[in-house]
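Engineer: Here is my input, please return the structure:
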Amino acid sequence: MAYKNNIPQPGDKKNETQLDLLNNFAAIKTLVDINHETFDITNQGKHLKVDLTNQTAAPPTSAANEVTLYSNAGQLCLSNNGGAEVDVTTATIAATGRCKLPCGLEMKWGSGTLGATVTDVVVPFAAAFTANCFNVQLTTSNRASTEERDWIISAANLTAANFTVLRSSHWNGNIVTFTWLAIGD
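Structural biologist: Numbers count the residues shown, from 1 in each chain. Presented below is the predicted three-dimensional model:
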């Protein structure tokens, strides 16, 4: 039952096109029933799920003030106003990892150590941000130490490739372990 998009024609007789029209309605219902609620129910026309075919070419473009959502190599991507592709599902879920956010920002995280006599250490990102590192949050993680709350550490010299952890020299003599969370683009 193939859909016929050019029926009925002005000269067609009802009894000649009735079967074609019925087949068209059946084809439309088959189409709507794939991933949608069916006709004549409360949620008719709403999506049950969305299947996206893989887009192997350049990202589809959208008009001004629109967003295009599509699949590329099995990842959910979007572009807005015909802009660059933003992969919103790729992530490295590990102790040191990263993830892309739908707005185009990227989060990275990990941990590090300041030696007993070291007041600063450069922490490289496993993969640099494309342009900027906007912020780094640090948390000391020496859980067994009673002096943990006394260590003062801060992030400085933020670049797309790394940042520096600084420690108050007053507390030298203790190893400081820390976790970090960075956000950039």
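Engineer: hey, where'd the helices end up in the protein?
Structural biologist: 14-33 (DSSP state H).
Engineer: and it, what are its domains?
Structural biologist: Domain assignment of the chain by automatic domain parsing yields the ranges 1-51, 52-89, 92-184.
Engineer: Just list what the lowest-mean-pLDDT helix or strand in the chain packs against, helices and strands only.
Structural biologist: Among the helices and strands of the chain, strand 86-87 carries the lowest confidence by mean pLDDT, DSSP states H and E, at a mean of 72. Using 3 or more C-beta pairs under 8 Å, 6 or more residues apart in numbering; DSSP states H and E, the elements in contact with strand 86-87 are strand 75-80. Quick note: C-beta positions are derived from backbone N, CA and C, even for glycine.
Engineer: chain center to the strand it packs on: distance?
Structural biologist: The gap between where strand 75-80 is centred and where its chain is centred comes out at 8 Å by C-alpha atoms, centre = their mean, to the nearest Å.
Engineer: do the same with stretch 11-29
Structural biologist: What separates the centre of stretch 11-29 from the centre of its chain is 45 Å, taken as C-alpha atoms, centre = their mean.
Engineer: do the same with stretch 29-40
Structural biologist: 29 Å.
Engineer: again with stretch 125-141
Structural biologist: Relative to its chain's centre, stretch 125-141 lies at 18 Å (C-alpha atoms, centre = their mean).
Engineer: and that stretch, average pLDDT?
Structural biologist: When pLDDT is averaged over stretch 125-141, the result is 94.
Engineer: Flag every buried residue along that stretch.
Structural biologist: 125, 129, 133, 136, 138, 140 (16 or more other C-beta atoms under 10 Å).
Engineer: mean pLDDT for the domains of the chain: which is lowest?
Structural biologist: Looking at those, the lowest mean pLDDT belongs to domain 52-89 (a mean of 75).
Engineer: residues contacting residue 107?
Structural biologist: Residues in contact with residue 107 (C-beta atoms under 8 Å, 6 or more residues apart in numbering) are 98, 99, 101, 181, 182, 183.
Engineer: I'd like to know how many residues surround the fourth one.
Structural biologist: Just to be clear, that refers to residue 181. As a burial measure, residue 181 scores 13 neighbours (other C-beta atoms under 10 Å).
Engineer: Wait, it touches residue 133, no?
Structural biologist: No: the criterion here is C-beta atoms under 8 Å, and residue 181 misses it with residue 133 at 11.2 Å.
Engineer: What's the local residue count around residue 108?
Structural biologist: As a burial measure, residue 108 scores 21 neighbours (other C-beta under 10 Å).
Engineer: scratch that, residue 123 is what I was asking about
Structural biologist: 18.
Engineer: Please tell me I have it right and it contacts residue 111.
Structural biologist: No: at 9.1 Å, residue 123 and residue 111 do not qualify as touching, with contact defined as C-beta under 8 Å.
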